[in-house]
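In: Have a look at this prediction, sequence included:
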Amino acid sequence: MIRFENINKIYDKTQHLALSDITLEIAHGDFVFVVGKSGAGKSTLIKMILKELDPTEGKIYIENRDITRLKKRHIPMYRRQLGVVFQDYRLLSDKTVYENVAYAMEIVENKTKDIQEKVPEVLQLVGLGHRMRYYPDQLSGGEQQRVSIARAIVNDPKIIICDEPTGNLDPRTSLGIMKLLHSINGRGTTIIMATHDRDIVDMMQARVITLHGGRVVSDKKGGYDNEDSYL
Ligand SMILES: Nc1ncnc2c1ncn2[C@@H]1O[C@H](COP(=O)(O)OP(=O)(O)OP(=O)(O)O)[C@@H](O)[C@H]1O
């Protein structure tokens with residue numbers, strides 16, 4: 001469970017109030033979109049879950065643990081329960097598909113035998129069993145995003161954070177990526193996805209948290225609200 005309690009975020013240098021009095025809860029296994037205009041505060045909110053940013057005020061609980069009080073040395077361990085997918089894939093260009101995914105297991109000190117077993121399994125799951133020896137620049141955008149999803153799920157995180165995962169993809173490829181995320185969610189993984197993609201939000205009929213000027217202005221299940229002037 002994720003819980004934001006009265007979160008305010010003021011960026012030090014500019015004194016910009018990026019998030020204002022955010023209180024929300026995300027249950028285990030939820031699929032949640034975070035939407036809103038550019039500058040609404042989506043990335044700021046996501047960076048707080050990743051513990052890349054701390055709030056100026058308020059508390060953030062992940063599995064009943066207040067991560068605003070987490071010591072620096074415990075952050076890497078904390079992040080192991082999170083998978084992250086970015087718009088620009090962020091794959092290592094000098095490593096193959098297999099090696100990119102294996103690397104995520106190596107850095108958290110998995111045994112070689114477990115890596116050799118799990119990586120092909122996860123690549124099959126994302127539909128890339130036949131691309132294991134390819135390098136990222138030999139893949140389409142959609143395939144690269146599938147590799148990044150494989151990397152995000154390979155350590156079995158409880159939560160996956162996606163920041164505009166379909167931002168660089170055409171509608172058909174985006175649909176495939178959403179189907180994949182939906183099936184991962186169906187296995188019990190909580191998914192939080194920031195997006196501008198209105199069609200996808202409408203299609204998924206999931207929970208939609210709308211931010212505007214750093215505030216939650218709507219939090220409901222369904223698609224975009226046409227009467228919503230915040231989008
Ligand atoms: N490092 C920073 N220092 C100062 N202000 C910042 C910083 N990062 C973001 N902001 C401001 O905080 C507000 C929220 O930014 P944020 O990046 O969270 O928005 P966003 O909804 O993710 O936008 P986008 O859709 O364009 O990615 C914006 O007004 C932005 O200018």
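Out: Now that the structure is in, tell me what you want to look at. Residues are numbered from 1 along each chain as shown.
In: Name the helix or strand for the most centrally placed residue in the chain, please.
Out: With distances taken as C-alpha atoms, centre = their mean, I161 lies nearest the centre of the chain, 1.4 Å away. Element membership of I161 [criterion: DSSP states H and E] is strand 159-163.
In: Need the contact partners of the lengthiest helix in the chain.
Out: Criterion DSSP state H: the longest helix present in the chain is helix 171-186. Residues from elsewhere that reach helix 171-186 (C-beta atoms under 8 Å, 6 or more residues apart in numbering): 29, 31, 126-127, 140-142, 145-146, 149, 153, 160, 162, 165-166, 169, 191, 193, 197, 199-200, 203-204. Every residue, glycine included, has its C-beta placed from N, CA and C.
In: Go through the residues you listed and flag which are in helices.
Out: 141-142, 145-146, 149, 153, 199-200, 203-204.
In: Just the buried residues out of these, in PyMOL syntax.
Out: Entered in PyMOL, the line below selects the buried ones among the ones in helices among the contacts of helix 171-186, by 16 or more other C-beta atoms under 10 Å:
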select buried, resi 141+142+145+146+149+153+200+204
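In: Next, format the ones in helices among the contacts of helix 171-186 as a markdown table and append pLDDT and distance to the ligand.
Out: Shown next, in a markdown table, are the ones in helices among the contacts of helix 171-186 (pLDDT from 0 to 100; distance: C-beta to the nearest ligand atom, whole Å):
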| residue | pLDDT | distance to the ligand |
| --- | --- | --- |
| G141 | 97 | 19 |
| G142 | 96 | 22 |
| Q145 | 96 | 18 |
| R146 | 96 | 23 |
| I149 | 97 | 20 |
| I153 | 96 | 24 |
| D199 | 91 | 17 |
| I200 | 94 | 15 |
| M203 | 92 | 20 |
| M204 | 92 | 19 |
